[in-house]
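Chemist: show me how the following folds:
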Amino acid sequence: MRTLRGLLMTAVALVGLYPSTADAQQGRPFQDAWFWGVKGGGMLYSTARLGVTEGGDLALSAPANRHAPMLGIEWLITRSRGGLYVSYEQSFLDEIAGFINLSDPDSAVIAMNVSDTRRVNLAGMIFPPVNRFVQPYVGIGLAYMQVASTHTINGADAFNDPGEAEAFRTFVIENKAQFQPLGILGVQARLRPFSVFFQGSATPFRDDFLLRGGRSSVVTYEIGIRYNIGTSIERL
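Modeler: Have a look, this model is predicted:
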């Protein structure tokens, strides 16, 4: 009986802390507003898995799907049916990925340490008309994604001459960062004093991007809070 009474008291307390729909709708409006936000989540990506042959040499095997934690900040301007979205994200990963020497595909597999990613997003937003305090949205735009750090582990053994090593270094420099199409799908709940949001994004990229592996895109899931700092239009 005491346990049941304690659970009931806890439920009543939580209900009292959660704002009602009417209270939430009395907060700052979603339309014609400036939001600053912070978020956390994860990034799903893929790398080429390294294996070992019977002779003890490195070899490529099936790609591996990976998960990396992610943090970010963002800026959102809303109008009545659309808006502008800008964000910066940092993902934390540390992988040993395998690559084929493009100058000599029959030579040894190149093992390279790949660490962290950075991404800048710019998107136009569409807000379907709703009369509730929960606002869904869709975004379409462009992302710039960069692998923060790379380091070849077995470089001396993987190349036949300095020319091959230089060609691979050029390949890494050219493909550690790419502009990619960006799609966003999310929902924001207008609470007090912050709005809470959950969204997902996807960025497809070319075959030569360093984090391609077996996955044709990087997918993220994000949860965070946004604070309305004021109106996005000038009042007369």
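Chemist: just the helices in the protein please.
Modeler: Secondary structure of the chain (DSSP state H): helices located at 2-17, 21-25, 155-158, 162-175.
Chemist: point out where this protein drops to low pLDDT.
Modeler: Confidence mapping of the chain against pLDDT under 70 gives the ranges 1-28, 48-62, 101-108, 131, 154-158, 212-215, 230-236.
Chemist: quick one: the strands in the protein?
Modeler: Ranges of strands in the chain, per DSSP state E, are 33-47, 50-52, 58-60, 64-78, 82-99, 110-126, 134-152, 177-190, 195-204, 217-231.
Chemist: which other residues reach the last one?
Modeler: By that I understand strand 217-231. Defining contact as Cβ atoms under 8 Å, 6 or more residues apart in numbering, one finds that strand 217-231 is touched by 27-29, 32-45, 70, 72, 74, 76, 89, 145, 180, 186, 188, 193-205, 211. C-betas here are computed from N, CA, C, even on glycine.
Chemist: and that strand, how far out from the chain's middle?
Modeler: 11 Å (Cα atoms, centre = their mean, to the nearest Å).
Chemist: now the fifth one
Modeler: For strand 82-99, the gap between its own C-alpha mean and the chain's C-alpha mean amounts to 5 Å (Cα atoms, centre = their mean).
Chemist: got the angle for it vs strand 64-78?
Modeler: 160 degrees (axes from the mean of the first three to the mean of the last three Cα atoms, to 10 degrees).
Chemist: list the buried residues of strand 82-99.
Modeler: Under the neighbour-count criterion of 16 or more other Cβ atoms under 10 Å, strand 82-99 has 83, 84, 85, 87, 89, 90, 91, 93, 95, 97, 98, 99 buried.
Chemist: what sits against the nearest residue to the first one once chain neighbours are set aside?
Modeler: Yep, that's residue 83 we're talking about. Leaving aside its chain neighbours, residue 83 sits nearest to residue 125 (4.1 Å; criterion: Cβ to Cβ, 6 or more residues apart in numbering). Contact analysis of residue 125 by Cβ under 8 Å, 6+ apart lists 76, 78, 82, 83, 84, 85, 137, 138, 139, 184.
Chemist: mind redoing it with 7 Å?
Modeler: 82, 83, 84, 85, 137, 139 (Cβ atoms under 7 Å, 6 or more residues apart in numbering).
Chemist: alright, that wraps it up for me.
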